[in-house]
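Peer 1: how would this look folded up:
(2 chains)
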Number of protein chains: 2
Amino acid sequence: MVSDYIAVQIHDGAESPAEHFIRLAESSADATDSNRPDAFEILSTADRGEFWDLIFVGYWTDPTRHARWSEGSALGRWFRDLDPETIDYGAWRECIVVPASRVETVYSSPEREFGLAACAGIELESTTTNGYFGAARDRMPISAIDTLEPSTDYPRRPRPVPSARRRVRAELGANVCAIRSGQYWESATGEQLEDYESVLEPRLLSGMKHLTDNQDATGTLSLRILRSTGTLDAPPRRETSVVGYFRSLDDLETWAAGHPTHHAIHRHAIEKNRQYGDSRTVTTWHEVFVLSDAHHFEYVNCDPATGVLPYARRLWTISDD
Amino acid sequence: MVSDYIAVQIHDGAESPAEHFIRLAESSADATDSNRPDAFEILSTADRGEFWDLIFVGYWTDPTRHARWSEGSALGRWFRDLDPETIDYGAWRECIVVPASRVETVYSSPEREFGLAACAGIELESTTTNGYFGAARDRMPISAIDTLEPSTDYPRRPRPVPSARRRVRAELGANVCAIRSGQYWESATGEQLEDYESVLEPRLLSGMKHLTDNQDATGTLSLRILRSTGTLDAPPRRETSVVGYFRSLDDLETWAAGHPTHHAIHRHAIEKNRQYGDSRTVTTWHEVFVLSDAHHFEYVNCDPATGVLPYARRLWTISDD
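Peer 2: Below is the predicted model of the structure:
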């Protein structure tokens, strides 16, 4: 299973490569390319400060088709050929390739497909392995034979990495845990819309704030709150997701099972599902990937706070030779 | 499944780090270390020219234990901390981590275990999926759903890579095929010893020469003919193996099914197995791993002809920051 995030990092006031990036992303998903992603989405940073990210995420169920797409697609070639010394924006790529045994997903409703599950050939099935702490791990086939413990710690770097004007790769250890957790309330109205916006969303944001305020203690290597984007001119869609990397699945579970901010989210989501049943119009879902240690994330002329850079173990730079 | 090659490259006439390397390798396999390799061997270049390689190969069936061993073992730390600018030898690491579905092995006899199969918990089972061209692919579970095609070509670099005094990583594409193919004739005597040394071994070497003389045409990214080593002072053991990387499983199969040099090896091995049956004292075996594209091989102050360097796609150098 492949989940490939490719992004452009846009600096406030600088020339924006956003439109060019969207065109590249769309042409790279062209139906005539047999290596095109099986599903893709465009996301962007929800809060835009000094810089913001516009993100393509593509999903494939065939790693060979993905690798060929990396080589041959407009977006793959664009990312590979960017010159960190001359662009006035940044770019990054966080690509996950794991066996299906290291993936789990869950959806509060089967009506609409998100993320990996939107790939052709993937079907949603009803499950009873849910509703308790530890269910995510139990849904992951490899948990039958592997406790997925972290292989290393990730001490925060004492100084920001020198990432400006450079192309760098950050190594990850074994069993880093990636989660994308989503909310879709496009069709919510009245009481349910009001409940999402005034109760559930503030609780979600409070949970995320706890994690980003306590990255070292919670093992949170990176956390991004993202909004789903259609065309650039379209009004904001009522769809958000959070993409986070944790030192391990255990670190994610520790927050989920142990912290009041997650209890508040979890309890509310279950209550509302019980209250509205099939007529619930807010969908929540997530997907979790546990990575092997062969993974490395790549950053081109990015801010040193981008992605896992503040916790990068060894850093590698591209050699022109 | 993990197959991790870590080596020191010794230059003729220079101070030899061989004894230190052997001590590091042995201490890194210490029985008191719970992350130690499940099996390991020491190999060395069979023909020693201007430089030669002394190689540790470790096997693990648990990638987390392996990743922790990389972090904490004497050999892992030694390799990580080598300073390419001051050592008067080279070192390299070619580490393979793949799901079991991307591995196959076959042995002409179950009497002695080699390579990955020597790991505790792995047992040899009788198979009838053998003796025809394509059997290796059929023994690999993933072949049921994946044709394992290469994702890219590997044009030979027009100039040797500047690998001296540097630590570099070479990227691989998807589905590079690694093979270790072994021969063990320690207990062969009389007619069988004579046959191995005068007939089979020359045929093997002739096949290997064809591949190394035609790397571009055969998709051979690297090929090493190695001798198994006990202690450094011991007489040479009657055990050799060839470790090769091919652009894809298909490239390896094309040679095996299509070239007279492999036909001569294959036919002779089958004939002798028929002739001697259970009393055959020459054992042949191999193991094949098909890699994902997350793999990269690492070279520290090595000759530019080492490993996959002549065919390296992008090269990365370590950043000290």
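Peer 1: what about the closest residue to chain B within the stretch 1-150 of chain A, neighbour count?
Peer 2: Of all residues in the stretch 1-150 of chain A, residue A:67 sits closest to chain B, at 3.4 Å by CB to the nearest CB. Every residue, glycine included, has its C-beta placed from N, CA and C. Look at residue A:67: counted by other CB atoms under 10 Å in any protein chain shown, it has 26 neighbours.
Peer 1: and it, helix, strand or coil?
Peer 2: helix (DSSP: H, G, I helix; E, B strand; the rest coil).
Peer 1: Which strand residues bridge residue A:11?
Peer 2: residue A:51 (DSSP bridges).
Peer 1: need the contact list for it.
Peer 2: For residue A:11, the contacting residues are A:50-51, A:88-90, by CB atoms under 8 Å, 6 or more residues apart in numbering or on different chains.
Peer 1: So for stretch A:269-279, what gets flagged as buried?
Peer 2: Buried positions in stretch A:269-279, judged by neighbour count with 16 or more other CB atoms under 10 Å in any protein chain shown: A:269, A:272-273.
Peer 1: Need the contact partners of that stretch.
Peer 2: A:108, A:131, A:192, A:195, A:200, A:280, A:282, A:284.
Peer 1: In strands, which of those residues fall?
Peer 2: residue A:284 (DSSP state E).
Peer 1: Could you point out which of the contacts of stretch A:269-279 is nearest to residue A:171?
Peer 2: Set against residue A:171, the nearest of the contacts of stretch A:269-279 by CB to CB is residue A:284 (32.7 Å).
Peer 1: Leaving out chain neighbours, which residue sits closest to the closest one?
Peer 2: Distances taken as CB to CB, 6 or more residues apart in numbering or on different chains put residue A:108 closest to residue A:284, at 4.7 Å, once the chain neighbours are dropped.
Peer 1: Now do the helices in the stretch 201-321 of chain A.
Peer 2: Counting by DSSP state H, counting those that start in this stretch, the stretch 201-321 of chain A has helices at residues A:201-213, A:215-218, A:249-258, A:260-276.
Peer 1: most neighbours per residue, which of these?
Peer 2: helix A:249-258 (a mean of 18; mean count of other CB atoms under 10 Å in any protein chain shown).
Peer 1: Bridged to the residue nearest to the spatial centre of chain A, which residues?
Peer 2: The centre of chain A sits closest to residue A:243, judged by CA atoms, centre = their mean, with a distance of 3.2 Å. Residue A:243 forms beta bridges with residue A:180, residue A:224, as assigned by DSSP bridges.
Peer 1: So it sits against residue A:220, correct?
Peer 2: No - assessed by CB atoms under 8 Å, residue A:243 is found out of contact with residue A:220, at 11.6 Å.
Peer 1: Can I take it that residue A:54 is in a helix?
Peer 2: No - per three-state DSSP, residue A:54 lies outside any helix segment and is strand.
Peer 1: so which strand or helix has the residue nearest to residue A:201 when sequence neighbours are not counted?
Peer 2: Sequence neighbours aside, residue A:183 is the residue nearest to residue A:201 in space, at 7.5 Å (criterion: CB to CB, 6+ apart). Residue A:183 belongs to strand A:177-184 when elements are defined using DSSP states H and E.
Peer 1: Contacts for that strand, please.
Peer 2: A:3, A:57, A:96, A:112, A:114-115, A:148, A:196, A:200-201, A:204, A:238-249, A:251-252, A:282-291.
Peer 1: Give the buried subset of the residues you listed as a ChimeraX selection command.
Peer 2: Burial among the contacts of strand A:177-184 is assessed by 16+ other CB under 10 Å; the matching ChimeraX selection reads:
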select /A:3,57,96,114,115,148,196,200,201,204,238,239,240,241,242,243,244,245,246,247,248,249,251,252,282,283,284,285,286,287,288,289,290,291
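Peer 1: Of the contacts of residue A:11, which is the most crowded?
Peer 2: residue A:90 (23 neighbours).
Peer 1: quick one: contacts for that residue?
Peer 2: Counting by CB under 8 Å, 6+ apart, residue A:90 has contacts A:8-9, A:11, A:51, A:299-303, A:306.
Peer 1: With residue A:141 instead?
Peer 2: A:100-101.
Peer 1: And it, how far from residue B:128?
Peer 2: Counting by CB to CB, to the nearest Å, the gap from residue A:141 to residue B:128 is 29 Å.
Peer 1: quick one: the strand holding residue A:183 to helix A:201-213, angle?
Peer 2: 160 degrees (axes from the mean of the first three to the mean of the last three CA atoms, to 10 degrees).
Peer 1: where exactly do the strands run in the stretch 1-150 of chain A?
Peer 2: For the stretch 1-150 of chain A, strands defined by DSSP state E, counting those that start in this stretch occupy the ranges A:2-11, A:39-45, A:51-60, A:90-97, A:103-107.
Peer 1: any chance of these in CSV, plus mean pLDDT?
Peer 2: Output for those, formatted as CSV (pLDDT from 0 to 100):
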stretch, mean pLDDT
strand A:2-11, 96
strand A:39-45, 94
strand A:51-60, 96
strand A:90-97, 97
strand A:103-107, 95
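Peer 1: Let me know which of those strands is the nearest to residue B:256.
Peer 2: strand A:90-97 (28.1 Å).
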